[in-house]
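S.K.: Here's my sequence, what's the structure:
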Amino acid sequence: VERILGQPVITAKANRERMATYGVRAEDAFMVLGATREGVRVGTVYEGPRRFDLKVIQPPEQPTIDGVAALRVETMRGDTVRLEDVLDITETDGPASVRRVDRQRAVRVDVNLRGRDLLSWVNEAQAKVKEKLPLESGYTVLWGGQFENFERASARLRIVVPIVIAIIFGMLLLMFRSVRMSSAVFATVPLALTGGMLGLLVRGMPFSLSAAVGFIALGGIAVLNGVVIGQEVQRLLLKGYDVTTAVVSGTSTVVRAVLSTAAVAALGFLPMALSTGAGSEVQRPLATAVAVGVALGAFTTLAVLPGILVELLKGYVVPVPVAQDRRAGDRQAAAPHG
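M.R.: Below you'll find the model as predicted:
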């Protein structure tokens, strides 16, 4: 807990009975106290276009509680009395510094978390604070630091992730010009994400922002593998192969390319996944999700995607590229002249 006490403070409270006895107004008594530190504004000093407040300061002879108590205040009869005669002056332990957040006083409690994920700990702490720490009116508890950054980034990801998914699927549609083929290739994304989740689960790592970024990268690599298979299958379909033959032959042809892509990505992220130095708590979840997800996703893609293609491409008519359509039309137009 942030240490805020430890500074000696002189506290003065009005004694109404004594003030009435001596004929002293509370405003006059506290104006004397204000004159000891801040001064009392009595006019304005002009220096060209600039203006300055003119204040009268009456410091006590000694900056102690006795010195403040010895100050004198004028009564309504015109004589003076000591401040201690009309004020209850005490010395207490006050705040050494005052922290403010949004113009409200705040006390900070720092937590260094070890051996547990941030989100679950904060959720449990919020429940216990709400149960065991009833707050009076005017008091609030704010959870900040890394948790606040996590909440802010999570809100952004809720917007970014759907946009990324829409862009990936749109690019697949532009590439294959077929909803069936695009859907089949896009089905590789959850297969790879499942591998990334298993990697985090095996290593006992919680889901974090860095892991979320890793899952986004993992989805891109998975789509790349699916595109390699889908393009080869579509090429064979254009040659006149039936769906089953095209899928089996096309998948067998690109096995080496898919495994090579997965091996490069997995081995590239392996040092980050095994790192233990400074910043490794951020690197490990990202690298683990990508490395394990790519490795398992490559095998699950090769095992599952052919079956998905066979089911979705039944009765599939291969869209002929525009350039090929034009060449066919030119041949037909030139045939009578030949």
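S.K.: The closest residue to L224 other than its chain neighbours: which element?
M.R.: Using CB to CB, 6 or more residues apart in numbering and skipping the chain neighbours, the partner closest in space to L224 is T261 (6.6 Å). Any C-beta I mention is one placed from the backbone N, CA and C, and that applies to glycine too. Take DSSP states H and E as the rule and T261 turns out to sit in helix 255-273.
S.K.: and that helix, which residues are buried?
M.R.: V258, T261, A262, A265, A266, F269, L270, M272, A273 (16 or more other CB atoms under 10 Å).
S.K.: packing partners for the helix or strand in which T300 is found?
M.R.: Per DSSP H and E: T300 is located in helix 280-312. Using 3 or more CB pairs under 8 Å, 6 or more residues apart in numbering; DSSP states H and E as the contact test, the elements touching helix 280-312 are helix 179-186, helix 188-202, helix 209-238, helix 243-253, helix 255-273.
S.K.: Can you say which of the ones you listed is nearest to V282?
M.R.: For these, distance to V282 was read as CB to CB. The smallest value, 4.9 Å, belongs to helix 209-238.
S.K.: now the closest one: mean pLDDT?
M.R.: Averaging pLDDT along helix 209-238 gives 84.
S.K.: and that helix, how far out from the chain's middle?
M.R.: 28 Å (CA atoms, centre = their mean, to the nearest Å).
S.K.: Tell me where the model's unsure across this protein.
M.R.: Residue ranges of the chain with pLDDT under 70: 115, 278-280, 315-338.
S.K.: just to revisit the earlier point, and A69, which of the helices and strands packed on helix 280-312 is closest to it?
M.R.: Closest to A69 of the helices and strands packed on helix 280-312, according to CB to CB: helix 209-238, at 58.4 Å.
S.K.: Quick check: Q58 is in a helix.
M.R.: No: Q58 is assigned coil when assessed by DSSP: H, G, I helix; E, B strand; the rest coil, not a helix.
S.K.: That one contacts V32, doesn't it?
M.R.: Yes: counting by CB atoms under 8 Å, Q58 touches V32, with 7.0 Å between them.
S.K.: neighbour-wise, which of those two wins?
M.R.: V32 (21 against 15; other CB atoms under 10 Å).
S.K.: Give me the number of neighbouring residues for Q104.
M.R.: Neighbours of Q104 (other CB under 10 Å): 11.
S.K.: That should have said E2, apologies.
M.R.: Neighbour tally, E2, other CB under 10 Å: 10.
S.K.: what's the answer for R3, then?
M.R.: R3 has 9 neighbouring residues, counting by other CB under 10 Å.
S.K.: circling back to that earlier point, quick one: which of the helices and strands packed on helix 280-312 is nearest L296?
M.R.: Nearest to L296, of all the helices and strands packed on helix 280-312, is helix 188-202, at 3.1 Å by CB to CB.
S.K.: Now do that closest one against helix 209-238, angle only.
M.R.: If you take axes from the mean of the first three to the mean of the last three CA atoms, to 10 degrees, helix 188-202 sits at 150 degrees to helix 209-238.
S.K.: What lies in contact with helix 188-202?
M.R.: The contact list for helix 188-202 (CB atoms under 8 Å, 6 or more residues apart in numbering) reads 168, 206-207, 211, 214-215, 218-219, 221-223, 225-226, 285, 288-297, 300-301, 304-305.
S.K.: Stretch 305-315 too?
M.R.: Contacts for stretch 305-315 (CB under 8 Å, 6+ apart): 180-181, 183-185, 187-188, 191, 226, 229-230, 233, 237, 243-244, 247-248, 251.
S.K.: hmm, back to that, would a markdown table of the helices and strands packed on helix 280-312 with distance to A70 be doable?
M.R.: As requested, the helices and strands packed on helix 280-312 are exported to a markdown table (distance: least, CB to CB, whole Å):
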| stretch | distance to A70 |
| --- | --- |
| helix 179-186 | 85 |
| helix 188-202 | 71 |
| helix 209-238 | 62 |
| helix 243-253 | 97 |
| helix 255-273 | 70 |
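S.K.: Compare those helices and report which one is nearest to L119.
M.R.: Closest approach to L119 among the helices and strands packed on helix 280-312 (CB to CB): helix 209-238, 10.2 Å.
S.K.: Could you list the buried residues of that closest one?
M.R.: Applying a neighbour-count criterion of 16+ other CB under 10 Å, one finds 209-219, 221-223, 225-234, 236-237 buried in helix 209-238.
S.K.: what residues does the strand or helix carrying K130 touch?
M.R.: Take DSSP H and E as the rule and K130 turns out to sit in helix 118-132. For helix 118-132, the surrounding residues in contact (CB under 8 Å, 6+ apart) are L113, V141, W143, Q146, F147, F150, P206, F207, S208.
S.K.: distance of G6 from R105?
M.R.: 16 Å (CB to CB, to the nearest Å).
S.K.: Also L209?
M.R.: Relative to R105, L209 is positioned 31 Å away (CB to CB).
S.K.: L133 now?
M.R.: 17 Å.
S.K.: so what sits against both of Q58 and V32?
M.R.: L71.
S.K.: Would you agree G78 falls within a strand?
M.R.: No: applying three-state DSSP, one finds G78 to be coil, outside a strand.
S.K.: burial count for it?
M.R.: G78 is flanked by 7 other residues according to other CB under 10 Å.
S.K.: can you start the count at 29 instead of 1 from here on
M.R.: All set: I'll call the first residue 29, so the last point we hit is now G106.
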